[in-house]
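Trainee: Here's a sequence, model it:
(2 chains)
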Amino acid sequence: PCAPCVPCPGAGWACRAVLADGHQRTVRRVAWSPCGHYLASASFDGTTCVWKRHEHGFEVVATLEGHENEVKSVAWAPSGTLLATCSRDKSVWVWEDDEEQEFECVSVLSAHSQDVKHVVWHPSQELLASASYDDTVRLYREDEDDWVCCATLEGHTSTVWAVAWERSGQRLVSCSDDRTLRVWQRSEPGEAMSLSPGAGSEPSWQCVCTLSGYHGRSIYDVAWCHLTGAVATACGDDAVRVFEEVAPAAPGCPEQPQQHFGGFSPVFPIFSPFPTLHCSASVRSTSVEAEPSLRNSPSVSFSRHMSRMARAVLPVSFRE
Amino acid sequence: RSSRAPDIIRTIRDPEKPNTLEELEVVTENCVEVQEIGEEEYLVTIRFTPTVPHCSLATLIGLCLRIKLQRCLPFRHKLEIYISEGTHSTEEDINKQINDKERVAAAMENPNLREIVEQCVTEPD
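Mentor: Here you go, the predicted model:
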């Protein structure tokens, strides 16, 4: 849980281990297992190492090989027995731990047409999301002993660098080289919002909100806080931004969407950085545009390189 | 030694031919645009014209341009490198590759590519 941001007198960090022999090239990503006893590291050398934590250090218990080139991301499923990796070789691999730390590859998923940048598991289910250089997000799940791609989220116009799940797992947010954030919502088969009625028993995903005009360059990472619901982004324009969902405007207010969709009027969440900015909404996707005066000099983003964590969260300070 | 972007890139050697990029007209004085984007921070945009429509050569030139500018520009900058419009059939693909920072970082870890880039960007004494 996030502590209130006051400086901690006397707190410091000690380097406990340097694991220099696991990889031959850049280590791109690290991930702790849900139980905390294992650490996975993904490398440009094409391998993923699984390290076990001992009292006096870490030991490699498995080296996952198979990707043809750089591994970009690794993620543990909430159950702790599944690992996912992805690579510039366009594939996503799912690995299973047989409890002796022998990881077996249980699936090679080649749904993307280009590099896969990021993989992340649903907070509670064995549902996997991947973000790709092919401008899409894909979802995968196990279907009778086989892993399948169960959804493709299209909309971004350039590389999707990362994806984050909302705590409930009903929505996810993606960030892209196209300088937008997109929020995607799940609808169960048969619900009015589903695009293709009778398409079967698969839930479908729609983009319900696009945030454009806030980021000056590629957005490389996004995180969705499971406690507060806040969404934070890492951008190539040297700023960190935090977005929060604000309550939809009262009925009759100009911001309310005019049209209905599928027989009911959905209430679109309106995302906004501090303070609330003017926004516009359309039927199936809500676009929030920054006002022209704010577009070139965002006054609501955090200034670069915070030296203390305290300043990165509330209260917000404005950059001129 | 000049710190101007056009001066930094004109002496880069072509990966294949024994000429500089300026001699081959791959880059010119006008192919560089510099815009102020913040306090003492600039967006440098390069549009280069590859000599042949060969993909791997174009991406290699893009890499050389990026590496040399990153090393030699004395001011804070963001860099965008593009193939000049209409000079290549797969220009969108190439532009995407040469501006993907992860792809660039991985390419520079490839010993063969790194060797070629170093030879192209090193200033003769």
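Trainee: and the nearest residue to B:Thr20 once chain neighbours are set aside, what does it touch?
Mentor: Closest residue in space to B:Thr20, ignoring its immediate chain neighbours: B:Thr11 at 5.3 Å, by CB to CB, 6 or more residues apart in numbering or on different chains. C-beta here means a position set from N, CA and C on the backbone, and glycine is covered the same way. Residues counted as contacts of B:Thr11 (CB atoms under 8 Å, 6 or more residues apart in numbering or on different chains) are B:20-22, B:123.
Trainee: A:Leu83 too?
Mentor: A:40, A:48, A:50, A:64, A:74-77, A:94-97, A:103.
Trainee: Verify the stated contact: B:Ile37 with B:Leu43.
Mentor: Yes - between B:Ile37 and B:Leu43 there is a contact at 4.7 Å, judged by CB atoms under 8 Å.
Trainee: interface residues of the stretch 151-300 of chain A facing chain B?
Mentor: Neighbours of chain B within the stretch 151-300 of chain A, by CB under 8 Å from any CB of the partner chain: A:158-159, A:177, A:216-217, A:236-237.
Trainee: Compare those residues and tell me which is most surrounded.
Mentor: A:Thr159 (25 neighbours; other CB atoms under 10 Å in any protein chain shown).
Trainee: So it sits against A:Lys117, correct?
Mentor: Yes - counting by CB under 8 Å, A:Thr159 does reach A:Lys117; the two are 6.8 Å apart.
Trainee: how about the helices in chain A?
Mentor: A:292-295 (DSSP state H).
Trainee: ok, and the most crowded of the contacts of A:Leu83?
Mentor: In terms of neighbours by other CB under 10 Å, these top out with A:Thr48 at 30 neighbours.
Trainee: Name the residues linked to that residue by a beta bridge.
Mentor: A:Ala42, A:Leu64 (DSSP bridges).
Trainee: what's the distance between it and chain B?
Mentor: Going from A:Thr48 to chain B by CB to the nearest CB, to the nearest Å gives 16 Å.
Trainee: pLDDT wise, what is that residue at?
Mentor: pLDDT for A:Thr48: 98.
Trainee: isn't B:Leu113 right up against B:Gly62?
Mentor: No - with contacts counted by CB under 8 Å, B:Leu113 stays clear of B:Gly62, the gap being 11.7 Å.
Trainee: Neighbour count for the two, which is higher?
Mentor: B:Gly62 (23 against 17).
Trainee: Which of the three states applies to the more buried one?
Mentor: Under the three-state scheme (DSSP: H, G, I helix; E, B strand; the rest coil), B:Gly62 adopts helix.
Trainee: which neighbours do A:Thr159 and A:Lys117 share?
Mentor: The contact sets of A:Thr159 and A:Lys117 overlap at A:132-133 (CB under 8 Å, 6+ apart).
Trainee: what's the neighbour count on A:Gln206?
Mentor: Counted with other CB under 10 Å, A:Gln206 comes out at 18.
Trainee: What about the closest residue to it other than its chain neighbours, how many residues nearby?
Mentor: Nearest residue to A:Gln206, sequence neighbours excluded (CB to CB, 6+ apart): A:Gln185, at 5.7 Å. For A:Gln185, the count of nearby residues is 18 (other CB under 10 Å).
Trainee: Looks like A:Gln185 contacts A:Ser204 (just checking).
Mentor: No - with contact defined as CB under 8 Å, A:Gln185 does not reach A:Ser204; the gap is 9.5 Å.
Trainee: Please report the distance of the residue of chain B positioned farthest from its centre from A:Arg29.
Mentor: In chain B, the residue that sits farthest from the middle, by CA atoms, centre = their mean, is B:Glu39; the gap is 24.5 Å. From B:Glu39 across to A:Arg29, the span is 33 Å (CB to CB, to the nearest Å).
Trainee: Which positions in chain B make contact with chain A?
Mentor: So far as CB under 8 Å from any CB goes, chain B lies against chain A at B:37, B:78, B:96, B:100-103, B:105-106, B:109.
Trainee: 6 Å - rerun?
Mentor: B:106, B:109 (CB under 6 Å from any CB of the partner chain).
Trainee: so where's chain B shaky on pLDDT?
Mentor: B:1, B:125 (pLDDT under 70).
Trainee: can you map out the strands along it?
Mentor: B:32-38, B:41-48, B:76-83 (DSSP state E).
Trainee: Let's have those in a markdown table, adding distance to A:Tyr133.
Mentor: Below are the strands of chain B laid out as a markdown table (distance: least, CB to CB, whole Å):
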| stretch | distance to A:Tyr133 |
| --- | --- |
| strand B:32-38 | 25 |
| strand B:41-48 | 22 |
| strand B:76-83 | 17 |
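Trainee: Reformat those as JSON lines; add mean neighbour count and distance to B:Ser56.
Mentor: Formatted as JSON lines, those follow (neighbours: other CB atoms under 10 Å in any protein chain shown; distance: least, CB to CB, whole Å):
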{"stretch": "strand B:32-38", "mean neighbour count": "14", "distance to B:Ser56": "24"}
{"stretch": "strand B:41-48", "mean neighbour count": "19", "distance to B:Ser56": "15"}
{"stretch": "strand B:76-83", "mean neighbour count": "18", "distance to B:Ser56": "13"}
